[in-house]
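> Here is a sequence together with a model predicted from it:
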Amino acid sequence: MRTALLLVAAAVVVFLAGWLIDDKVFGDDLPRNVNIAGVDVGGTSTEVATARLNEAGLDQQLIEMQWAGVSLQRSAAELGVSVDIDAAIVEGRDRGSAILRPFNWAKSLFVSRPVELSFSIEADQLSTFFGVGPDATFPLDFGNPQIELVRGQFVEASQANVPSVDSEELQVRVLEAAQTHQDGPVSLPVPVAGSQAVSTGAESLIQEASELTAGGIRVHVLGTKATYLVPEAAVRSWVRFGGSTDEPSITIDSDAAQSTIESLFWGLGEAGDEAEFSIDNDGGVHIVGGAPGSVCCTADSADRIRAALEAGDQMVDLLPIEDPDARGVAWAQSLGIVELVGEFTTNFKPGQTRVHNIARISDITRGAIIEPGEEFSINDYVGVRTRDKGFVSAGVIVNGVFNSSVGGGISQYATTLFNAAFFAGLDFGEYQSHSIYISRYPYGREATVSHPHPDLEIINNTPYAILLWPTTTDDSITVRLFSTKWVQGEQTGQSERAEGVSCTRVSTQRTRTWVEDGHTEIDYVTARYRPEGRACDGSSTRTTTTTTPVTTPPSTTVP
């Protein structure tokens, strides 16, 4: 018995000695095998344990919140979550009562002792994420503030509605998510409890716009004595609101302001004088006229008005501009009309009445301009040839028979223009030869006109404008075309074939050479002729009744 007691006593002594040596002599602030929130801090000092817990980032769990259709990812700490490391260390240092301490030490040799970490959340910090305005950090953007002008006053059209957050439930969920300790972000749909109307920043914007436009503004155009008051309501009608909830903006609609100002200063200054061309005796091209005139106002008018409003000025000076509708010298110079590019002359007997009509249509079309890509139509440009326009009755061809009509003879003008365009390398739209060949014209290379058809259409296929310059003498008409040389044409062949019983179809080959690179292309113009009084099928086109001469030209071909 005594031996057993001695053995027990010896064991107790060894146990107590081991405890004293391991825990008291070599131990530290925290006993062996203590871990706090999974972090091993056993056998360390308070300072070391604190450092390990801070390094573990126990408040850095990423949380991805979804609210009002958008997402926001933040750490638990950024959402207001905090951890009480000091309290956990105090609990971890507790070795129990004096009687149990040796036994707790013995237990620590075999079993880890976990200590829970206390998490808490700052509700006010979390709530800042769900406000609307400059202090909110959740990425909600309601776009442009909805502001309307009602009876001259700015009013907010409607407020935005967003889900109302269930704050208490959200705090619980954020705390739970913060303690997940997973590698990726924790998805957290924000709990809602209805909806709430929120301001989109319209109030301050309305106040700013109202103060900016109060009383309207007087406008004056420099160089004139005219001054007009633009009323407050009119100025406010120019205001446009934009930007976002965080950065709203106020602008002036340039088009609206310009339109109002131009209507106030309608007729300001003088209209511009359009530039014209003249050709001297040596064929030199000259630009005459072209005074620019002035109108209201420069394109920066809206910017000037906005600057004046912001500065609190009661009047703003605007600048006149050259009349944008006036085709002045700069416009004329830009056309590239500098040299002769095509010319043709046909002759006639002096003293005939048809000569008067040829001279008249030459006068009307002299100076006509075909801009690049545009088409010149004799019928569109001149219209119906009437006595009021200075035309007289002369010979025509009606249904293959010679007759007379007002405007007769101008087909000689059409043929001369056709040939000038042919050698200038221009394209043709509608054209038609005389039905009966007339020896004063080039065979197979001529055109006739009547109203509304047939017409002669010349298409400008060059990058420069074409100036028509027809002139007449007592026995000839010459049509000259002026531009910049781009392409030239020449006749390089001709063939003919019978068509029907009585008609002949003539095909004239043209080779066009481009000045810039010398490449060539071939095209054709055609003519169809028949004997006087015969159709292509051989039937007669003469009438057996007596009629008065034609006085209007709808169905005529004018020789």
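The structure has been received and is ready for your questions.
> Show me how far the helix or strand where R512 lies is from its chain's centre.
In this assignment (DSSP states H and E), R512 forms part of strand 503-514. Computed by CA atoms, centre = their mean, to the nearest Å, the separation of strand 503-514 from the middle of its chain amounts to 46 Å.
> in its sheet, what does that strand sit against?
Paired strands of strand 503-514, with direction, are strand 487-499 (antiparallel), strand 520-529 (antiparallel) (DSSP bridges).
> in it, what's buried?
503-506, 508, 510, 512 (16 or more other CB atoms under 10 Å). Bear in mind the C-beta positions are built from the backbone N, C-alpha and C, glycine included.
> and what of stretch 419-438?
419-426, 428, 431-438.
> Keep only those of these that are in helices.
419-423 (DSSP state H).
> okay, the closest residue to G373 other than its chain neighbours: pLDDT?
Nearest non-adjacent residue to G373, counting by CB to CB, 6 or more residues apart in numbering: N460, 6.4 Å away. pLDDT, N460: 97.
> Let the chain start at 51 from now.
Fine by me, first position is 51 from now on; the one you just mentioned is N510.
> List the residues that contact N510.
By CB atoms under 8 Å, 6 or more residues apart in numbering, the contact set of N510 is 420-426, 476-477, 516.
> Alpha carbons only: can I get stretch 539-549 in CSV?
Provided in CSV are the C-alpha atoms of stretch 539-549 (Å, rounded to 0.1, in the frame of the first residue of the first chain):
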residue,chain,number,x,y,z
GLY,A,539,-14.0,62.6,-126.4
GLU,A,540,-13.6,61.9,-130.1
GLN,A,541,-15.6,60.0,-132.8
THR,A,542,-13.7,56.8,-133.6
GLY,A,543,-16.3,55.0,-135.7
GLN,A,544,-19.8,54.8,-137.2
SER,A,545,-22.1,52.2,-138.5
GLU,A,546,-25.7,52.0,-139.7
ARG,A,547,-28.3,49.4,-140.3
ALA,A,548,-31.9,49.2,-141.7
GLU,A,549,-34.7,49.3,-139.2
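> Could I get the buried residue list for that stretch?
For stretch 539-549, by 16+ other CB under 10 Å, it's 539, 541, 544, 546.
> shouldn't the first one be in contact with T561?
So that's G539. Yes. Judged on CB atoms under 8 Å, G539 makes contact with T561 at a distance of 7.1 Å.
> and the buried residues of stretch 539-549 as TSV, adding distance to G583?
Shown next, in TSV, are these (distance: CB to CB, whole Å):
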residue	distance to G583
G539	35
Q541	30
Q544	26
E546	21
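> now, among those residues, which is nearest to G107?
The shortest gap between G107 and any of the buried residues of stretch 539-549 belongs to G539, at 85.6 Å (CB to CB).
> which one is that closest one nearest to, not counting chain neighbours?
Closest to G539 by CB to CB, 6+ apart is G475, at 4.1 Å.
> list the helices and strands the helix or strand where V269 lies packs on?
Using DSSP H and E, V269 falls within strand 267-271. Judged by 3 or more CB pairs under 8 Å, 6 or more residues apart in numbering; DSSP states H and E, the packing partners of strand 267-271 are strand 277-280, helix 351-361, strand 365-368.
> Can you give the distance of it from its chain's centre?
Counting by CA atoms, centre = their mean, strand 267-271 comes out at 31 Å from the chain centroid.
> just stretch 507-517 next, same as before
30 Å.
> Likewise for stretch 387-406?
That offset, for stretch 387-406, works out to 49 Å (CA atoms, centre = their mean).
> So which bits of that stretch are buried?
Buried, per 16+ other CB under 10 Å, within stretch 387-406: 387, 390-394, 396, 398, 404-406.
> Sitting in strands, which of those do you find?
Counting by DSSP state E, the part of those found in strands is 390-394, 396.
> Parallel or antiparallel, list what pairs with the strand holding V269.
Applying DSSP bridges, one finds strand 267-271 paired with strand 277-280 (antiparallel), strand 365-368 (parallel).
> Would you mind listing the buried residues in the last one?
So the one you mean is strand 365-368. Per 16+ other CB under 10 Å, strand 365-368 contains these buried residues: 366, 368.
> Provide a list of residues in contact with the closest residue to V537 other than its chain neighbours.
Taking CB to CB, 6+ apart, and ignoring the residues beside it in sequence, V537 has G475 as its nearest neighbour in space, at 3.4 Å. Applying CB under 8 Å, 6+ apart to G475 gives the contacts 392, 511, 536-539, 562-563.
> I'd like the distance from G475 to Q538, if you could.
Computed as CB to CB, to the nearest Å, the G475 to Q538 distance reads 5 Å.
> any shared contact partners between these two?
562-563.
> circling back: any idea which of the buried residues of stretch 539-549 is the one closest to S589?
Closest to S589, out of all of these and judged by CB to CB, is E546, at 21.9 Å.
> List the residues that contact that closest one.
Taking CB under 8 Å, 6+ apart, one finds 494, 554-557 in contact with E546.
> Quickly list what it is bridged to.
Assigned bridge partners for E546, using DSSP bridges, are V556.
> Doesn't Y463 belong to a helix?
Yes. Assigned with DSSP: H, G, I helix; E, B strand; the rest coil, Y463 falls within a helix.
> If I look at the spatially closest residue to D134 that is not a sequence neighbour, what pLDDT would I see?
Among residues not flanking D134 along the chain, S168 sits closest, at 4.3 Å (CB to CB, 6+ apart). pLDDT recorded at S168 is 84.
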